[in-house]
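> Dropping the sequence and predicted coords here.
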Amino acid sequence: MNQIELKALAKINLGLDVLGRRENGYHDVRMVMQSIYLYDEVKIAKKKEPGITLTTNLKFLPTGDGNIAYKAAQLLMDEFDLKEGVQITLNKHIPVAAGLAGGSSNAAAVLFGMNRLFGLRLTQQELMNRGVKLGADVPYCIMRGTVLAEGIGEELSVLPAMPKCTVLIAKPPISVSTKMVYEALDSKEIVEHPDIDGILEGLRKGDLHKVADSMGNVLEDVTIPMHPVIADIKQVMQDCGAIGAMMSGSGPTVFGLFENRASAREAQKMIRDKGLTRQAYVTNIHNVRRK
Ligand SMILES: C[C@](O)(CO)[C@H](O)COP(=O)(O)OP(=O)(O)OC[C@H]1O[C@@H](n2ccc(N)nc2=O)[C@H](O)[C@@H]1O
Ligand SMILES: Nc1ncnc2c1ncn2[C@@H]1O[C@H](COP(=O)(O)OP(=O)(O)OP(=O)(O)O)[C@@H](O)[C@H]1O
């Protein structure tokens, strides 16, 4: 095998609770993660010359070790003393710095792909142990599907699959720093914790409405006051019949869950017409899980 092509899926957080802060600044979380059918195309090809070269369709992204996909390749190359080099091609469709784990998912695809390409025989857990060194969302992006994530996001338990529905993603044209959002949370009191157990119960019963009614994200309390457009987008989604609408991760992307695809399209159009953002996409829950 000389090359491998992979889909690096985006994630949304159906629930995101923060339980405490660790001495190193990271936070203990309790999150319900879900893959969606919005993806970057990641191609990894062996090349004779040693080293890593990376190209991407987004000119503003770093192509050296500032790119998390490059870092992932470097990690395996150093550990296994690989003599051949790799050419990584990223065709990005997932919005950047959005709360959709785009970079983490690219890194996960590189770890998974290089394990195959070079016959490294690492188990999924061994890949995830390496992934967490690159970012807290990387282990989940290796596993995918509907998952409870605890610890800093790396302790994963598989959940019953999320019932199928249409997902509208809308990313306002602002960038949010995940580090800054978690830091800002430290100076706030968390008044209401999201009902993560309610989401788990909804998933066990296969009850989409129970899941949607229980959704919550404590990081909204930090990001929304800074960027009220997030609340405006949620409102449009709700007005158009979303059964749930919430910010994903540290934001600023908002996702809406719809039972009816036409309503999702209507919300997409209204979000664009109101000038809230052009980056609005209709997609689906995607329950494929890597084993
Ligand atoms: C917001 C989420 O995307 C929700 O899934 C994740 O919790 C963040 O995952 P991520 O971006 O892969 O996180 P990392 O790249 O490891 O960390 C970025 C920054 O977020 C903060 N961070 C991240 C994860 C965590 N459990 N606690 C934190 O406080 C840290 O300040 C860190 O410097
Ligand atoms: N392969 C990559 N894809 C996207 N961004 C990357 C990549 N490599 C490095 N970056 C940098 O990482 C930063 C965060 O990008 P990313 O799209 O992963 O954020 P995110 O969606 O908020 O992720 P998360 O939900 O895991 O916090 C950007 O500022 C970007 O410059």
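Received it, and whenever you're ready, just let me know what you need. Numbering: from 1, shown residues only. Ligands and ions are numbered 1, 2, ... in the order given.

> And stretch 226-236, what's buried?
By neighbour count on 16 or more other CB atoms under 10 Å, the buried set for stretch 226-236 is 227, 229-230, 232-234, 236. In short, each C-beta sits where N, CA and C put it, glycine included.

> can you give me the end-to-end distance of stretch 148-160?
10 Å (CA to CA, to the nearest Å).

> can you tell me the helix or strand for the residue of the stretch 101-250 of the chain found nearest ligand 2?
Distances between the stretch 101-250 of the chain and ligand 2 by CB to the nearest ligand atom are smallest at Gly103, namely 2.6 Å. According to DSSP states H and E, Gly103 maps onto helix 102-117.

> Same question for Leu16, what's its three-state structure.
strand (DSSP: H, G, I helix; E, B strand; the rest coil).

> Next secondary structure after the strand or helix carrying Met31?
Assigned by DSSP H and E, Met31 belongs to strand 27-47. Using DSSP H and E, the helix or strand that follows strand 27-47 in sequence is strand 52-56.

> Determine whether any part of that following strand lies close to ligand 2.
No: applying CB under 6 Å from any ligand atom, one finds strand 52-56 separated from ligand 2 by no less than 7.0 Å.

> In terms of secondary structure, what does that strand contact?
Helices and strands touching strand 52-56, by 3 or more CB pairs under 8 Å, 6 or more residues apart in numbering; DSSP states H and E, are helix 68-80, strand 85-91.

> thinking again about what came up before, out of the buried residues of stretch 226-236, which two sit at the greatest distance?
Spatial extent of the buried residues of stretch 226-236 (CB to CB) is set by the pair His227 and Val236 at 15.1 Å.

> Quick check: closest non-adjacent residue to the residue of the stretch 101-250 of the chain closest to ligand 2.
Computed as CB to CB, 6 or more residues apart in numbering, the closest residue to Gly103 that is not its neighbour in sequence is Ile68, at 4.3 Å.

> Check Lys210 too.
In space, and not counting its chain neighbours, Lys210 is closest to Gly202: 3.3 Å by CB to CB, 6+ apart.

> on that earlier part again, what number of residues are in the vicinity of the residue of the stretch 101-250 of the chain closest to ligand 2?
Here the number of neighbours of Gly103 (other CB atoms under 10 Å) works out to 27.

> Do I have it right that it meets Gly66?
No: contact criterion CB atoms under 8 Å: Gly103 and Gly66 do not qualify, at 10.4 Å.

> before we move on, the earlier item: can you pull the buried residues of the strand holding Met31?
Under 16+ other CB under 10 Å, the buried positions of strand 27-47 are 27, 29-36, 38-40, 42-46.

> Over to stretch 234-244?
234, 236-237, 240, 242-244.

> cool, and stretch 155-172?
156, 159, 162-163, 165-172.

> same deal with stretch 266-275?
266-268, 270-271.

> Can you flag which of the residues you listed belong to helices?
Judged by DSSP state H, helices contain the following of the buried residues of stretch 266-275: 266-268, 270-271.

> Can you add distance to Thr123 and pLDDT and give those back as a markdown table?
Listed next are these as a markdown table, based on distance: CB to CB, whole Å; pLDDT from 0 to 100:
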| residue | distance to Thr123 | pLDDT |
| --- | --- | --- |
| Glu266 | 45 | 98 |
| Ala267 | 42 | 98 |
| Gln268 | 41 | 98 |
| Met270 | 47 | 98 |
| Ile271 | 42 | 98 |
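
> From these, pick the one nearest ligand 2.
Once CB to the nearest ligand atom is applied, the member of those that ends up nearest ligand 2 is Ile271, at 19.0 Å.
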